[in-house]
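Chemist: Need the 3D shape of this:
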Amino acid sequence: MSANRTAAPMVIVGAGHAGVQVASSLRERGFADPIVLIDAQARTPYQRPPLSKEYLNGAAPDPAPLRHRQFYDSNNIQLRPVQATRIDPHARIVGLDSGEQLEYRYLVLATGAGNRVLDVPGADAPRVRYLRTLDDARALRENLATATDIVVIGAGFIGLEAAAAARKSGCRVRVVDTADRVMARAVSPATSSRMMRVHSREGVIFHLGRSVRELLGTGPLKVRLDDGTTLPADLVIVGVGVTPATQLAQDAGLTIENGVSVNEFLQTSDPDIFAIGDCASFPDPRATTRTRLESVQNAVDQGKFVAGHILGDRAAYHALPWFWTHQYSTKLQIAGHLSRSDESLQLGEPEAFSILHFQAGSLVAVESFNRPGDHVAARRILAGAEAPTSAQARADGFSLKLYAQSMIAGGRPETQYQSAGSAPRIDADGVQAR
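Modeler: So this is what the prediction gives:
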């Protein structure tokens, strides 16, 4: 790292969860130099997760700010509503759309990602909506109040959360996805089946393994699929993924690989420029390939890490990934990397259970349905050094919570649950095994 450059400020591009966390953590740990936080949005940075959940169906007010405005003022953090237009790594300058050139000591790119746009004829119709910002969510909430037929294109987290909000608003909902199961990129086949049943019970109709060919009309729309099926739609909600915001980094000559490429310290190919959050791909020791994660946990953990690294911490980044989604009365929480799983085991009750995933006999991920205690325990276990084996998990009375407690107590985990009684086993369809 370059040393002794105290005249220029710390500059952070992007005031989402990741960028705000860097600034907050630096100040909390005693960083005294100027901090400039750049974001093109004029409003104070706010919480994003509620936008696709309670906010959409009118059950929640505007999301809370990440930090109140007074926090930035009292901590000498300049929050500037401008757009960064270029980076000159050699001159150590960020160009702004105001014409100003801002010198930096260290630079953090927390530029996030943008919605992938539906590329079919008619996709620019007025009643086609995306969901990323508070303005997007406000427009969607107004539309849901008057719509009858909704077509959601994309069965990922955002698409299904929007579908749930639309059903709660009384709309008829159809979901289209090219994959043959819902949330296919993020969850196991058993979890996909479970979430699809949850939505089907609520009246959502699925068209899986199908692609959209065109949108017809400008008011009430018709969505034509590749098999010729035509779906009526007062409103189309598009959730077909995101694209990492890398143009600024690419134009500056930084390495791009499924996002802005960073090393184990979250440094880009220029060691004084960091990239974090949705825009960054990093070498995750728990994964088989470079990883780019779109989650609040990842953004916050990486923000804390970069602040620590700038202040002298030298450990590599290795935070455990975890995710969650709330749809109807079902809360799904995931800890760890499912991509490594070659064996699974499901434990619990028919409506509240966890699916444990193993690789070569060792626990690597847990999906929990309405079992928040299991999720907390799984995060503690997977972040530790001694995860249970599949043989241990199949023993009578095994409990993730008891195992985690034994880790804290320093005991032998395999001896903690032999007398606890047999936990009920349920199969992949959620039916208790006999």
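
Chemist: Going by C-alpha atoms from here, please, whenever you check contacts or count neighbours.
Modeler: Will do.

Chemist: Contacts for stretch 373-389 next, please.
Modeler: By C-alpha atoms under 8 Å, 6 or more residues apart in numbering, the surrounding residues in contact with stretch 373-389 are 319-320, 322, 333-336, 354, 358, 361-368, 400-401, 403-404, 407, 413.

Chemist: Now do that stretch: distance to the chain's middle.
Modeler: With C-alpha atoms, centre = their mean, to the nearest Å as the basis, stretch 373-389 stands 20 Å off its chain's centre.

Chemist: Over to stretch 296-311?
Modeler: 15 Å.

Chemist: Going by neighbour count, which residues in it are buried?
Modeler: By 16 or more other C-alpha atoms under 10 Å, the buried positions in stretch 296-311 come out as 296-309.

Chemist: Please name the bridge partners of L107.
Modeler: V11, I273 (DSSP bridges).

Chemist: so who does it touch?
Modeler: Per C-alpha under 8 Å, 6+ apart, neighbours of L107: 10-13, 272-274.

Chemist: In strands, which of the contacts of stretch 373-389 fall?
Modeler: Counted as lying in strands by DSSP state E, out of the contacts of stretch 373-389, are 322, 333-336, 354, 358, 362-368.

Chemist: right, and out of these, which lies closest to A391?
Modeler: Comparing those against A391 with C-alpha to C-alpha places S362 closest, at 9.0 Å.

Chemist: what would the contacts of L107 look like in a markdown table with neighbour count?
Modeler: Written out in a markdown table, the entries for these read as follows (neighbours: other C-alpha atoms under 10 Å):
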| residue | neighbour count |
| --- | --- |
| M10 | 21 |
| V11 | 25 |
| I12 | 27 |
| V13 | 26 |
| D272 | 17 |
| I273 | 23 |
| F274 | 24 |
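
Chemist: Can you add pLDDT and distance to S74 and give those residues back as JSON lines?
Modeler: Shown next, in JSON lines, are the contacts of L107 (pLDDT from 0 to 100; distance: C-alpha to C-alpha, whole Å):
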{"residue": "M10", "pLDDT": "96", "distance to S74": "17"}
{"residue": "V11", "pLDDT": "98", "distance to S74": "18"}
{"residue": "I12", "pLDDT": "98", "distance to S74": "18"}
{"residue": "V13", "pLDDT": "98", "distance to S74": "20"}
{"residue": "D272", "pLDDT": "97", "distance to S74": "27"}
{"residue": "I273", "pLDDT": "98", "distance to S74": "26"}
{"residue": "F274", "pLDDT": "98", "distance to S74": "25"}
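
Chemist: quick check, nearest of the buried residues of stretch 296-311 to S261?
Modeler: Closest to S261, out of all of the buried residues of stretch 296-311 and judged by C-alpha to C-alpha, is Q302, at 13.9 Å.
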